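Trainee: Give me a 3D structure for the following:
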Amino acid sequence: MVTACYALLLLVFGIPFFVLVLRKSPTFPDYLSSYLDPFPWAFVLALTGSQALLLFLSVDTSFRKMRPRRHLAVTVALTSFFAALLFVAGVLAFDASMFADQSIVGKTMWKNPVPILLLVPLGLWLTWAVVFYLHLRGSPQPVSAAVAWLLKGSVMELLIAVPAHVVVRQRGDCSAPIVTSFGIVTGIAVMLLAFGPGVLALYKKKYDTYRKAGA
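Mentor: From the prediction side, this is the model:
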């Protein structure tokens, strides 16, 4: 139910919000055409599927002494993926605010698209995976800790993307607002994504407290 509500929020409000932030005076056909682009659907499916996995992990009832290691591996993989996504969105937004349509990342991507679009995100994903593994492996509540990191990361990313969007809007840049708008939508989407597992993790923590009290 939580995942379905999250997917509905992204489809009904998330995609139109991107158009609203991107265009100064969007029309109704602009909103409709946004649903014909495959990228928003891929974005929504990736976020929704990841939240579903986090929800599954957060309500896991396996014995604590014999908790499968794959649960931590999946948590680390998902958390590091979103951390890398927030990091990339924040860097792109900052780069667009500083260098406008002549951004360093944009020039590099046109010259060598493979490193920017594949190797750099993959490297960031692996780097964050190591960081989160070292941080979460000793945590009694790894999902709760991961959600807390995602909330903090999304807030920090929005603190970069929102001012950057204001700057590029005032300058009247051509393509830079696309980058900053993506940064804003990504930050909000990851923040909303963390609320679902976070809420269920709180319920699970309260349930565990009652079980210990009853024992």
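
Trainee: from here on, contacts and neighbour counts on C-alpha atoms
Mentor: Will do.

Trainee: do you know how far residue 84 is from residue 147?
Mentor: Distance of residue 84 to residue 147, computed by C-alpha to C-alpha, to the nearest Å: 14 Å.

Trainee: what does whichever helix or strand residue 20 is part of contact?
Mentor: Using DSSP states H and E, the element containing residue 20 is helix 15-22. For helix 15-22, contacts defined as C-alpha atoms under 8 Å, 6 or more residues apart in numbering pick out 26, 30, 31, 34, 35, 40, 177, 178, 181, 182, 185.

Trainee: Take the residues you listed and lay them out in JSON lines including secondary structure and pLDDT.
Mentor: Putting the contacts of helix 15-22 into JSON lines (DSSP: H, G, I helix; E, B strand; the rest coil; pLDDT from 0 to 100) gives the following:
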{"residue": "26", "secondary structure": "coil", "pLDDT": "77"}
{"residue": "30", "secondary structure": "helix", "pLDDT": "77"}
{"residue": "31", "secondary structure": "helix", "pLDDT": "79"}
{"residue": "34", "secondary structure": "helix", "pLDDT": "80"}
{"residue": "35", "secondary structure": "coil", "pLDDT": "83"}
{"residue": "40", "secondary structure": "helix", "pLDDT": "81"}
{"residue": "177", "secondary structure": "helix", "pLDDT": "81"}
{"residue": "178", "secondary structure": "helix", "pLDDT": "81"}
{"residue": "181", "secondary structure": "helix", "pLDDT": "86"}
{"residue": "182", "secondary structure": "helix", "pLDDT": "86"}
{"residue": "185", "secondary structure": "helix", "pLDDT": "87"}
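
Trainee: Out of those residues, which end up buried?
Mentor: When the contacts of helix 15-22 are checked for burial by 16 or more other C-alpha atoms under 10 Å, the buried set is 31, 34, 40, 177, 178, 181, 182, 185.

Trainee: Look up how far residue 23 lies from the second one.
Mentor: Applying C-alpha to C-alpha, the value for residue 34 to residue 23 is 12 Å.

Trainee: Likewise for the third one?
Mentor: According to C-alpha to C-alpha, residue 40 and residue 23 sit 16 Å apart.

Trainee: Kindly report the same for the fifth one.
Mentor: Counting by C-alpha to C-alpha, the gap between residue 178 and residue 23 amounts to 9 Å.

Trainee: Do I have it right that residue 77 meets residue 131?
Mentor: No. Between residue 77 and residue 131 there is no contact under C-alpha atoms under 8 Å: 10.9 Å.

Trainee: The two: which has the busier surroundings?
Mentor: Per other C-alpha atoms under 10 Å, whichever of residue 77 and residue 131 has more neighbours is residue 77, with 20 against 13.

Trainee: Just list the residues touching that one, thanks.
Mentor: residue 129.

Trainee: Quick check, pLDDT for it.
Mentor: Per-residue confidence at residue 77 stands at 84 (pLDDT).

Trainee: Could I get the full set of helices for the chain?
Mentor: 2-9, 15-22, 28-34, 38-58, 69-99, 104-111, 113-114, 120-136, 142-171, 176-214 (DSSP state H).

Trainee: Check the ones you listed for me: which has the lowest mean pLDDT.
Mentor: Lowest mean pLDDT within the helices of the chain: helix 113-114, at a mean of 58.

Trainee: Understood, closing this out.
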